[in-house]
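Visitor: okay, predicted coordinates and the sequence, questions at the end:
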Number of protein chains: 2
Amino acid sequence: MNTDKKLQIKLVIFTVIRGKLKIFLPEKVLPSTAIVKEKPLDKIARSLFEATVCIPFKDYYFEQLYTFSQHKEVAIVYYLLLPHYLIPQKSIKAWYDGQKLSKTLTDFSTIKYAIQRLQWKIEYTNIVYSFLPKTFVFSQLQTVYEAILGKGLDKRNFRKKMLSLNILKPTGRMKRLGPSRPAEMFSFKMRRLTYVEIL
Amino acid sequence: MNTDKKLQIKLVIFTVIRGKLKIFLPEKVLPSTAIVKEKPLDKIARSLFEATVCIPFKDYYFEQLYTFSQHKEVAIVYYLLLPHYLIPQKSIKAWYDGQKLSKTLTDFSTIKYAIQRLQWKIEYTNIVYSFLPKTFVFSQLQTVYEAILGKGLDKRNFRKKMLSLNILKPTGRMKRLGPSRPAEMFSFKMRRLTYVEIL
DNA sequence: GCAAAAGTGTTAATTCTACACCCATGG
DNA sequence: CCATGGGTGTAGAATTAACACTTTTGC
């Protein structure tokens, strides 16, 4: 007889759309799948991502959140960051506002914890690269931070802080978003997890 | 046929003995046990603690570290903090210096990560209460911090910082450790996880 | 010339760091 | 009176927070 618990993988998938942090909840629950022997957990998580979001996995940031155990089940939860422009239009209704989640959702506390971890992590790493295209302007970057933190930030202090972290590089190219002055485009020096340097 | 992976719990048990951070490695590996259905993971972890350290579990700080997966196994690792004065004398040889671990240990990288998590956590919580008796003097508290961080701290700055965090309360009682001036005894306001207040 | 977003500097408050001497006690 | 660890303050540096106006562009 099998004395093991039922093992599953769940995913909290984040994106930022029009200044709002969004979470992927098809059928109002986090995507999940059973764990199969012989396959590494992160491979299973990637397959689950591709199967539910319907796009190939690339270099989005991706890490284990926590392992929850209830009754006879164990759920190993990962969270993943996705840039909004890759989301298939037909799934757009499955993305829920992270700041307005109903407390009655099955995965409410898991999602809340994932948001908190994300809020911590953007303070001392470059992971927001996963929400942004290769090049972007400061207002786009700031919008991502504000969406995740759920509050507005001072434009001047934000720019100074970001530049001092030494994780961005200017591209020299300019971009216009609206009917206004063009903005300088930046990119991340690294598009993989980098911890902010402490002097 | 069973398609699940083999599930186990592991424990990284910390203590501080004579100014050194120590890890419990009987047989040079982390204590571990198979997971049994119907029992919550934290209960299993407590039983494993009691069975290997041979003392009852109390209010020591205890949290999940990470879930590692290799081959056909999944190990859910917890870490736990224990005050040195509860350690049975006969197990004393099983406690290894955290700053001098052999890189060839089976669980080396797991332990390294646990130390890092512990180092982070003492900066913004009161968890070191788990290493200390109910009342203690400042030099004891500082010794614990220094052991965990692996470096010396300035006595004056340390005291100022700790008092400003508002997690300690003076007891009014004094204590002598050596042939010197008595020291004031303090205790933690809370002996459970408390996050440091941000103003 | 107007609307819209980009870009920029200073000041005050706070926090952090480095650092050295006197105090209370027991023997 | 000596050895031992307890206890204390200050000044400079660095970091953070608050705050408003000018620039560039398209229309």
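Guide: Now that the structure is in, tell me what you want to look at.
Visitor: contacts only, for residue A:128.
Guide: A:81, A:122, A:141, A:144-145, A:148 (CB atoms under 8 Å, 6 or more residues apart in numbering or on different chains). Any C-beta I mention is one placed from the backbone N, CA and C, and that applies to glycine too.
Visitor: equivalent analysis for residue A:80, please.
Guide: Residue A:80 touches A:11-14, A:45, A:49, A:60-62, counting by CB under 8 Å, 6+ apart.
Visitor: what pairs with the host helix or strand of it, and is each one parallel or antiparallel?
Guide: In the assignment (DSSP states H and E), residue A:80 maps to strand A:73-81. The pairing partners recorded for strand A:73-81 under DSSP bridges are strand A:6-17 (parallel), strand A:62-70 (antiparallel).
Visitor: mind putting the ones you listed into TSV with distance to residue B:66?
Guide: Compiled in TSV, the strands paired with strand A:73-81 are given as follows (distance: least, CB to CB, whole Å):
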stretch	distance to residue B:66
strand A:6-17	15
strand A:62-70	7
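Visitor: most packed of the ones you listed?
Guide: strand A:6-17 (a mean of 22; mean count of other CB atoms under 10 Å in any protein chain shown).
Visitor: and the helices in chain A?
Guide: Ranges of helices in chain A, per DSSP state H, are A:41-53, A:108-124, A:138-149, A:155-165.
Visitor: nearest to DNA strand D among those helices would be which one?
Guide: Counting by CB to the nearest atom of the strand, DNA strand D lies closest to helix A:155-165 out of the helices of chain A; the figure is 4.0 Å.
Visitor: and the closest one, does that touch DNA strand C?
Guide: Yes: applying CB under 7 Å from any atom of the strand, one finds helix A:155-165 in contact with DNA strand C at A:155-157, A:159-160.
Visitor: circling back to that earlier point, for the helices of chain A, give me TSV that also has distance to DNA strand D, mean pLDDT and mean neighbour count.
Guide: Shown next, in TSV, are these (distance: least, CB to the nearest atom of the strand, whole Å; pLDDT from 0 to 100; neighbours: other CB atoms under 10 Å in any protein chain shown):
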stretch	distance to DNA strand D	mean pLDDT	mean neighbour count
helix A:41-53	33	96	18
helix A:108-124	9	97	16
helix A:138-149	12	98	19
helix A:155-165	4	97	13
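Visitor: and those helices as JSON lines, adding distance to chain B?
Guide: Converted to JSON lines, the helices of chain A look like this (distance: least, CB to the nearest CB, whole Å):
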{"stretch": "helix A:41-53", "distance to chain B": "4"}
{"stretch": "helix A:108-124", "distance to chain B": "10"}
{"stretch": "helix A:138-149", "distance to chain B": "14"}
{"stretch": "helix A:155-165", "distance to chain B": "17"}
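Visitor: which of the ones you listed sits closest to residue B:196?
Guide: Relative to residue B:196, the nearest member of the helices of chain A by CB to CB is helix A:108-124, separated by 14.1 Å.
Visitor: how big is the angle separating the closest one from strand A:6-17?
Guide: Angle, helix A:108-124 to strand A:6-17, by axes from the mean of the first three to the mean of the last three CA atoms, to 10 degrees: 60 degrees.
Visitor: so what touches helix A:108-124?
Guide: A:10, A:12, A:14, A:21, A:23, A:30, A:65-66, A:68, A:77, A:79, A:81, A:98, A:101-102, A:105, A:127-128, A:145, A:148-149, A:195-196.
Visitor: give me the pLDDT for the one residue sitting closest to the centre of chain A.
Guide: The residue lying closest to the centre of chain A (CA atoms, centre = their mean) is residue A:81, at 2.4 Å. pLDDT recorded at residue A:81 is 98.
Visitor: and what of residue A:3?
Guide: In this model, residue A:3 carries a pLDDT of 54.
Visitor: before we move on, what about the one 5 residues further on?
Guide: Reported pLDDT at residue A:8 in the predicted model: 95.
Visitor: pretty sure it contacts residue A:35?
Guide: Yes: taking contacts as CB atoms under 8 Å, residue A:8 lies within contact range of residue A:35: 6.2 Å.
Visitor: overlap of the contact sets of those two?
Guide: With CB under 8 Å, 6+ apart as the test, residue A:8 and residue A:35 both reach residue A:76.
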